[in-house]
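Asker: Need a 3D model of the sequence below.
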Amino acid sequence: MDFNNASDSDSSSMREIDLNEEDEQHVNGYENESIGDIEDKMESTIIENQKTASTFRMYLCSFLCLLPGFTGGAAISYAAIALPYYMDPENSSGIVMTESQASWFVSLNSPMQMVGNLLAGWAMEKVGRKNTVTISCVLVIIASLILYLAPSYEMLLVGCLLNGTSVGLVRPAIILLLLEISLVRVRGLLGSLNTLTTNGGYLYGLMMGSLVPVKYVPWIIVGPSAVFILFSWYMVESPVWLMKHDKSTEARDVVAWLRGPSCHIEPELKEIEHLVFSKDQASRGSALNRSFLFPLVVLSMMFFFHATVGADDISYYALTIFKYPGVNISPSIIAILFQLAFTVGLMVAPVVMTRIGRRPQFIGGGIGLAITLFVIGCCHHFHLFSVSPVMMWMPVILHIVFGLVFGVGFGPVPYTLTGELFPQHLKALGCGISFATRYVAQFLQLKMFIVCRDYLGMSGVYWSHSVVAVAASIFVFLLLPETRNKTYSELDDIFRKKPSSNSEPDVECQTKLEK
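Answerer: As a prediction, the model looks like this:
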């Protein structure tokens with residue numbers, strides 16, 4: 001981000017590296033207190049100070065950051081769009097897929113997203129969140145070129161594998177960058193918007209796929225990533241990453257530029273500094289400690305449920321599932337309505353997330369999905385859609401309800417939690433592993449869908465998803481703590497015991513706070 005064109009007031013804000021008198025009073029108040037007391041004082045002032053912060057630059061950077069996520073959603077839709085075309089013996093490409101080849105074509109995207117997630121954990125720490133997003137944009141453009149020129153089934157697979165890698169690489173980077181530049185009070189909102197743009201991209205891909213030849217779809221879906229590359233000079237790097245890499249001046253500049261001259265940023269900076277440099281991380285920072293392993297297990301299981309509750313296999317195989325006798329609209333239109341329901345639900349989700357906690361939002365969504373899926377299964381098992389002309393539309397209506405409930409309650413919560421549950425210095429690793437868990441589960445589900453459909457019937461498939469939704473709600477009720485409206489320090493303390501007020505303060509952190 002180039003700060004040279006900032007306004008005079010912004011520039012003067014960024015140049016004020018030394019603490020003013022008010023800052024010194026904040027710092028001096030910490031001198032004889034424990035780390036726990038320091039955290040309490042910082043937590044009590046950060047949210048209050050952020051009430052005067054400017055939001056324009058934060059939202060503009062967030063918009064730019066979300067563009068590659070939109071491309072990612074559209075890239076995922078490519079397999080669903082191209083599958084019927086390449087299975088048609090009369091298509092003009094010269095490539096005709098068998099049913100076995102089609103299952104690999106659809107499902108291999110998922111393990112490559114897992115590979116991308118694991119690479120993201122390394123890349124986000126090594127080159128930063130912003131650069132990881134940029135690398136992903138370049139990869140998806142190369143993948144689109146391969147898909148456009150592919151002369152054979154094997155080259156199509158290469159394009160899809162690279163496509164999946166780019167999507168897996170960008171998702172953790174986007175969510176961390178969004179949450180690390182966000183104000184505390186809008187963190188849930190931006191987390192929900194991340195999921196919304198991905199789903200919006202998928203819907204965009206389906207709509208474009210129904211309007212233009214499949215050959216040209218890869219170029220249409222990469223447009224938002226190209227826009228991000230063109231305007232990436234305006235995008236900031238995460239202040240948390242900058243602080244961790246001994247770039248405290250740049251971190252201060254970023255926070256000052258984002259928050260504006262009227263916001264007192266010292267408590268926010270001191271909290272980031274404390275979390276990054278505190279020697280107390282020796283007791284809480286190991287990847288083998290409970291403070292990391294417990295949230296890793298919780299979030300990985302939530303992503304497992306997220307992938308196996310039915311949204312993925314229904315979306316990927318939509319054009320083969322949505323064939324209902326008596327319904328006089330095409331499967332592609334039903335698939336678009338299905339994805340539109342997700343999008344509408346995800347548009348409502350940010351409002352819900354700012355008013356209720358993550359736990360009730362996810363649990364309520366799980367219960368709603370369980371009921372909806374159970375009823376859809378009954379429609380298939382008892383052939384209820386053939387009872388009357390009105391009942392013929394029941395599966396279509398219920399799938400729209402499914403999309404709405406998933407979007408409002410179940411879908412966005414795990415993605416928001418990726419930026420909240422893990423210790424600061426292990427967030428990249430935690431995000432990579434938990435996202436990877438989702439894509440392993442997604443791969444297994446997509447690869448086995450045809451087998452499960454043949455052995456269990458569609459009623460059995462829907463009922464199994466209903467059981468998953470119930471299990472997810474119970475799991476979250478028992479194990480997930482609430483994270484809404486908590487600062488970095490509060491979130492960092494959720495899975496560990498806070499030091500007592502009599503404990504010795506961290507010398508290194510205390511020294512930095514006293515500077």
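Asker: And the pLDDT for the closest residue to residue 311 other than its chain neighbours?
Answerer: Of all residues not flanking residue 311 in the chain, residue 406 sits nearest, at 5.5 Å (Cβ to Cβ, 6 or more residues apart in numbering). For every residue, glycine as well, the C-beta is placed using N, CA and C. On the pLDDT scale, residue 406 is placed at 95.
Asker: In the stretch 401-515 of the chain, what residue spans correspond to helices?
Answerer: When assigned using DSSP state H, counting those that start in this stretch, the helices of the stretch 401-515 of the chain occupy the ranges 413-417, 427-479, 488-493, 507-514.
Asker: Least confident of the ones you listed, on average?
Answerer: In terms of average pLDDT, helix 507-514 trails the rest of those, at a mean of 40.
Asker: I'd like the distance between the residue nearest the centre of the chain and residue 299.
Answerer: Centroid-nearest residue in the chain, with Cα atoms, centre = their mean: residue 415, separated by 3.9 Å. Residue 415 sits 10 Å away from residue 299, taking Cβ to Cβ, to the nearest Å as the criterion.
Asker: Equivalent analysis for residue 237, please.
Answerer: Look at residue 237 and residue 299: by Cβ to Cβ, they are 25 Å apart.
Asker: of these two, who's got more company?
Answerer: Neighbour totals were compared for residue 237 and residue 299, and residue 299 leads with 26 against 21 (other Cβ atoms under 10 Å).
Asker: The closest residue to residue 125 other than its chain neighbours: what's it in contact with?
Answerer: Using Cβ to Cβ, 6+ apart and skipping the chain neighbours, the partner closest in space to residue 125 is residue 428 (4.9 Å). By Cβ atoms under 8 Å, 6 or more residues apart in numbering, residue 428 lies in contact with 120, 121, 122, 124, 125, 172, 176.
Asker: if we can go back for a sec, the residue nearest to residue 311 touches residue 315, doesn't it?
Answerer: No. If you go by Cβ atoms under 8 Å, residue 406 and residue 315 don't touch, sitting 10.3 Å apart.
Asker: neighbour count winner among the two?
Answerer: Shown here are residue 406 and residue 315; by other Cβ under 10 Å, residue 406 has more neighbours (28 against 21).
Asker: From residue 264, how far off is the more buried one?
Answerer: 40 Å.
Asker: Tell me how many other residues crowd residue 455.
Answerer: 10.
Asker: related to what we said a few turns ago, check contacts around the residue nearest to residue 311.
Answerer: Each residue near residue 406 by Cβ under 8 Å, 6+ apart is listed here: 309, 311, 342, 345, 365, 369.
Asker: any idea of the pLDDT on the nearest residue to residue 164 once chain neighbours are set aside?
Answerer: In this structure, residue 164 finds its nearest non-sequential neighbour in residue 112, 3.1 Å apart by Cβ to Cβ, 6+ apart. Per-residue pLDDT puts residue 112 at 87.
Asker: In terms of helices and strands, where is residue 112?
Answerer: Following DSSP states H and E, the helix or strand that holds residue 112 is helix 109-126.
Asker: State the mean pLDDT of the following helix or strand past that helix.
Answerer: As assigned by DSSP H and E, the chain's next helix or strand after helix 109-126 is helix 129-149. Across helix 129-149, pLDDT averages out at 94.
Asker: ok, residue 466 to residue 376 distance?
Answerer: For residue 466, the distance to residue 376 - Cβ to Cβ - is 9 Å.
Asker: er, residue 320 actually
Answerer: Per Cβ to Cβ, residue 320 is found 16 Å from residue 376.
Asker: Between those two, which has more neighbouring residues?
Answerer: Legend: neighbour count by other Cβ under 10 Å for residue 320 and residue 376, higher for residue 376 (27 against 16).
Asker: now the host helix or strand of that one: how far from the chain's centre is it?
Answerer: Residue 376 is located in helix 358-381, with elements delineated by DSSP H and E. Offset of helix 358-381 from its chain centre (Cα atoms, centre = their mean, to the nearest Å): 22 Å.
Asker: can you pull out the helices in the stretch 251-400 of the chain?
Answerer: For the stretch 251-400 of the chain, the helices defined by DSSP H, counting those that start in this stretch occupy 266-277, 281-284, 290-308, 311-316, 318-321, 331-353, 358-381, 394-405.
Asker: Actually, the stretch 101-250 of the chain.
Answerer: Assigned by DSSP H, counting those that start in this stretch, the stretch 101-250 of the chain shows helices spanning 109-126, 129-149, 153-181, 187-209, 217-221, 223-230, 239-244, 248-259.
Asker: could you dump those to a markdown table with distance to residue 329 and mean neighbour count?
Answerer: Listed next are the helices of the stretch 101-250 of the chain as a markdown table, based on distance: least, Cβ to Cβ, whole Å; neighbours: other Cβ atoms under 10 Å:
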| stretch | distance to residue 329 | mean neighbour count |
| --- | --- | --- |
| helix 109-126 | 27 | 22 |
| helix 129-149 | 29 | 21 |
| helix 153-181 | 29 | 24 |
| helix 187-209 | 14 | 24 |
| helix 217-221 | 22 | 22 |
| helix 223-230 | 28 | 18 |
| helix 239-244 | 48 | 24 |
| helix 248-259 | 46 | 22 |
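Asker: Same list as before, these that is, but in CSV and with distance to residue 72 included.
Answerer: What follows is those, written out as CSV (distance: least, Cβ to Cβ, whole Å):
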stretch, distance to residue 72
helix 109-126, 9
helix 129-149, 7
helix 153-181, 4
helix 187-209, 6
helix 217-221, 9
helix 223-230, 8
helix 239-244, 21
helix 248-259, 24
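Asker: So for residue 457, which of those sits nearest?
Answerer: helix 109-126 (24.0 Å; Cβ to Cβ).
Asker: which helices and strands does the closest one pack with?
Answerer: Contacts defined by 3 or more Cβ pairs under 8 Å, 6 or more residues apart in numbering; DSSP states H and E place helix 109-126 against helix 129-149, helix 153-181, helix 427-479.
Asker: could you check the angle helix 153-181 makes with the longest one?
Answerer: Helix 427-479 runs at 80 degrees relative to helix 153-181, counting by axes from the mean of the first three to the mean of the last three Cα atoms, to 10 degrees.
Asker: How far off centre is helix 427-479?
Answerer: Distance of helix 427-479 from the chain centroid (Cα atoms, centre = their mean) equals 17 Å.
Asker: Next: the second one.
Answerer: On the basis of Cα atoms, centre = their mean, helix 153-181 is displaced by 12 Å from the centre of the chain it belongs to.
Asker: Show me what that helix is packed up against.
Answerer: Secondary elements touching helix 153-181 (3+ Cβ pairs under 8 Å, 6+ apart): helix 56-87, helix 99-107, helix 109-126, helix 129-149, helix 187-209, helix 239-244, helix 413-417, helix 427-479.
Asker: can you list those helices in a markdown table and add distance to residue 163?
Answerer: Listed next are the helices and strands packed on helix 153-181 as a markdown table, based on distance: least, Cβ to Cβ, whole Å:
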| stretch | distance to residue 163 |
| --- | --- |
| helix 56-87 | 5 |
| helix 99-107 | 11 |
| helix 109-126 | 7 |
| helix 129-149 | 4 |
| helix 187-209 | 11 |
| helix 239-244 | 26 |
| helix 413-417 | 20 |
| helix 427-479 | 13 |
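Asker: Nearest to residue 349 among those helices would be which one?
Answerer: Closest among the helices and strands packed on helix 153-181, using Cβ to Cβ: helix 187-209, at 4.4 Å.
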